[in-house]
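1. whatever this is, show me its structure:
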Amino acid sequence: MLSLPPAFQPTSRRSAFVPQPAGSVGILIVHGLGGTEADLGALSRTLQRAGFATHALTLPGHGGRPEELHGVRAEDWVAAVVAHYRALAARYQTVHLMGMCLGALLAIEVAKRVDLRDGRLVVLAPPVFIDGWAMPWYRDVRHVVYRLPWLARLLRISESEPYGIKNELMRAMVQAKLSDGDAFHYPWVPLTCIRELDRLRRWVRLELNRVRTPTLIVHAREDELSSPRSAALLARRIPRARAVIVGNSYHMLCVDNDRKQVAAEVLNHLLPQSSSCTVL
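-> This is a model prediction of the structure:
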């Protein structure tokens, strides 16, 4: 669930494409838990060059200090995304919805609740199941702690190796920034926030057939937080979904080794079929 600071975002490839009509298509980008738009790396700039107007919101409890996540509920996150989507829908002919990690779950849940019209859905590294290879055997103990609110409020989940990044150079850069206290990402989140993530995960698994828009799911085979089982379930139960599994990244696939493939898949999903799009 780690985002990459803008200073260390990988340089995106220049793209050749047929651009969208100016101002006609917007994209709402939803970041991950404890993160920012930097979770998407250079993907936002790639989309902008393709003619899309990108808009990123800051989820409740984010953009300040980790303590601000105390008391934030999953309902607050969903309501914020719905409000931003509806505001953009009044401005653009088409609004696509894209999310990373927590943002991917929120994008799915919002797609059930609002009419995306001809907008499309992009779901990146969705942790429908928290069952990745780096999860400790005692991970399910958290559900017991949830019954003790005072203890759940005290416990913190800290960012640690491998920070969701397989690329060793990028990982070292992120580790250095965290050690320096850089504010690009929260160094920890309260366990109460993980409880809200778990609530959202349960909602997402329900009534996935209500997601009617074409949906792209991108997941890393080696995601340390959530195995490809998450992508498989979504692809099976969302009527118009397609899953792509990339093979050389961890959870933060937009800034890892497969970032170019991820960008190409997203562009191909969002651009009209009559347009050409080549990511070099």
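2. all helices of the stretch 51-200 of the chain, in order?
-> Secondary structure of the stretch 51-200 of the chain by DSSP state H, counting those that start in this stretch: the helices cover 74-89, 102-113, 142-145, 149-154, 168-179, 191-204.
3. pick out the residue nearest the middle of the chain.
-> In the chain, the centroid-proximal residue (Cα atoms, centre = their mean) is residue 100; its distance is 0.6 Å.
4. beta partners for it?
-> residue 124 (DSSP bridges).
5. was I right to think it contacts residue 254?
-> Yes: with contacts counted by Cβ atoms under 8 Å, residue 100 reaches residue 254, the gap being 6.5 Å. All C-beta atoms are positioned from the backbone trio N, CA, C, and that covers glycine.
6. quick check: neighbours shared by those two?
-> 39-40, 124 (Cβ atoms under 8 Å, 6 or more residues apart in numbering).
7. out of the residues you listed, which is most surrounded?
-> Among the shared contacts of residue 100 and residue 254, the one with the most neighbours (other Cβ atoms under 10 Å) is residue 40, at 34 neighbours.
8. re earlier: what residues are up against the residue nearest to the centre of the chain?
-> 29-32, 35, 39-40, 124-125, 254 are the contacts of residue 100 under Cβ under 8 Å, 6+ apart.
9. check the residues you listed for the minimum pLDDT and say which it is.
-> Note: of those, the lowest pLDDT belongs to residue 39, at 86.
10. any idea how far that residue is from residue 272?
-> Separation of residue 39 from residue 272 (Cβ to Cβ, to the nearest Å): 27 Å.
11. low pLDDT regions in the stretch 151-280 of the chain?
-> 178-184, 273-280 (pLDDT under 70).
12. please, where are all the strands along it?
-> 156-158, 188-190, 215-220, 241-246, 277-279 (DSSP state E, counting those that start in this stretch).
13. just say which of these is most tucked in.
-> Mean neighbour count, computed with mean count of other Cβ atoms under 10 Å, is highest for strand 215-220 among the strands of the stretch 151-280 of the chain, reaching a mean of 26.
14. right, and the strands of the stretch 151-280 of the chain - which one's nearest residue 24?
-> strand 277-279 (16.8 Å; Cβ to Cβ).
15. okay, now residue 167: neighbour count?
-> 20.
16. hmm, it is touching residue 256, no?
-> Yes: assessed by Cβ under 8 Å, residue 167 is found in contact with residue 256 at 5.4 Å.
17. shared neighbours, the two?
-> residue 249.
18. what's the closest non-adjacent residue to residue 40?
-> residue 254 (5.0 Å; Cβ to Cβ, 6 or more residues apart in numbering).
19. what about that neighbour, distance to residue 71?
-> Taking Cβ to Cβ, one finds residue 254 at 29 Å from residue 71.
20. the more surrounded of the two?
-> Set side by side, residue 254 and residue 71 show more neighbours around residue 254, with 27 against 14, by other Cβ under 10 Å.
21. correct me, but that one touches residue 260?
-> No: Residue 254 is beyond contact range of residue 260, at 10.3 Å (criterion: Cβ under 8 Å).
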